[in-house]
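> structure of the sequence below:
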Amino acid sequence: MSRFQPVITSHHNEWFKAAMQLHQTSVRRDQQRFLIEGTHLLEEAIATGWPLESICFVESWAEQNGSLLQRMKTDPKRGNVVLQPASSDLLRRLSTTNTRCPVVAVAVHQEFDEANRKPISLALAIESLQDPGNLGSMIRIAAAGDVSHVVLSRDSVSPTNPKVLRSTAGQWFRSPPRVVDLPQFLEIQAAASLQILAACADGKSFWEVDLKRPTIFLLGNEGSGLSSEMCALASGRIAIPMAPGVESLNVSITAALLIYEAKRQRA
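Model prediction:
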C-alpha cells in the first residue's frame, strides 16, 4: 500500500535531486523516466493506467485531492507509488512552468509490445520535428482521430519534453509517440503493403487519394519538410491545395486535415 513520506524541504534531498535530473533529455532517455506536471495530466495518466513511480505535491494540494490520493493508497496496482509531500519552493523548482504547479509525478516509460499492438489502420510518421508545441498538437489530434501509431525519427524533439506533454491536454497517454529508426520502420510497413503517403508540395491533392486503406502519413520538419531520402520510401505523394503565394501550412494543421479526410472517407 502506498503511504505518505515525510515532507521534504531541502533541495539536497536525494529524491528531489533525482527528480530534477529528469529535466534533461538524456537522463529521461537513459532512465526511462519522465515528469508529469499538474493535476490534469496526472489524472489522465491514472485514468489510462500509465505506470507511476512517485507523486510529489504540496500539502494544500493533498487536502483538495484527498479522494485521488486515497485511491492511489488503496489500489493494489499502485501499491509501490511513493507519495511525497514537499515544500512549495521545491515544487516550484521541479516544475518547468512559470505558474505555480502543486503536483509533479515521476512516470515510467512503458515498453511497446509489438506482438500485441493493433495493426496499423492510420498512422503518423514524422521526420526531424523540432517544435514541442507542434508535436503536442499532433499527438492530441492523433488521439482525437483514432490514429493507432505516432512515430518519430530519432533526431526529433523528445516526446517526453514537458511542453510536449502539456500541449497534448492529457491525450499523450492515449496516443503515446515512439522514437524509431524511421527508414527501417517505413521499409517494414511497405513490405506489409501499407500505403505510405509523403506530404509534399508537388503531391496529388488529398481529396483525390484513396485513404480508406491502411495508411501512414509521412510528415517532415517545420522548416525544410521531408528529406529526399524519406520521400523515396513513400509509395505516393500527397498535398493540400492552397491559394497562390501560400507555400505551406503548419505541420500540425496538415496532420489534422489529412487525418480527418481519411476519417471522412472511411465514414
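> looks to me like residue 73 is in a helix.
Yes: judged by DSSP: H, G, I helix; E, B strand; the rest coil, residue 73 forms part of a helix.
> for it, give its distance to residue 172.
From residue 73 over to residue 172 the distance is 25 Å, taken as CB to CB, to the nearest Å. Any C-beta I mention is one placed from the backbone N, CA and C, and that applies to glycine too.
> more neighbours, the two?
More crowded of residue 73 and residue 172, by other CB atoms under 10 Å: residue 172, with 28 against 15.
> mind checking pLDDT for the more buried one?
Residue 172 carries a pLDDT value of 95.
> that one against residue 139, yeah?
Yes: using CB atoms under 8 Å, residue 172 makes contact with residue 139 at a distance of 5.5 Å.
> joint contacts of those two?
159, 164 (CB atoms under 8 Å, 6 or more residues apart in numbering).
> okay, domains of this protein per the record?
What automatic domain parsing lists as the domains of the chain is 14-108, 114-266.
> show me where the stretch 151-267 of the chain has helices.
Here the stretch 151-267 of the chain has its helices, by DSSP state H, counting those that start in this stretch, at 162-167, 182-191, 228-231, 251-266.
> packed most tightly, which of the ones you listed would that be?
Of those, the one with the most neighbours on average (mean count of other CB atoms under 10 Å) is helix 162-167, at a mean of 22.
> what does that helix rub up against?
Contact with helix 162-167 is made by 23, 34-38, 41, 96-97, 132-133, 135-137, 139-140, 157-158, 172, as judged by CB under 8 Å, 6+ apart.
> filter these down to the buried ones and express that as a ChimeraX selection.
To isolate the buried ones among those in ChimeraX, judged by 16 or more other CB atoms under 10 Å, type:
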select :34,35,36,37,38,41,132,135,136,137,139,140,157,158,172
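> mind putting the domains of the chain into CSV with distance to residue 8?
CSV is the format used below for the domains of the chain (distance: least, CB to CB, whole Å):
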stretch, distance to residue 8
domain 14-108, 5
domain 114-266, 21
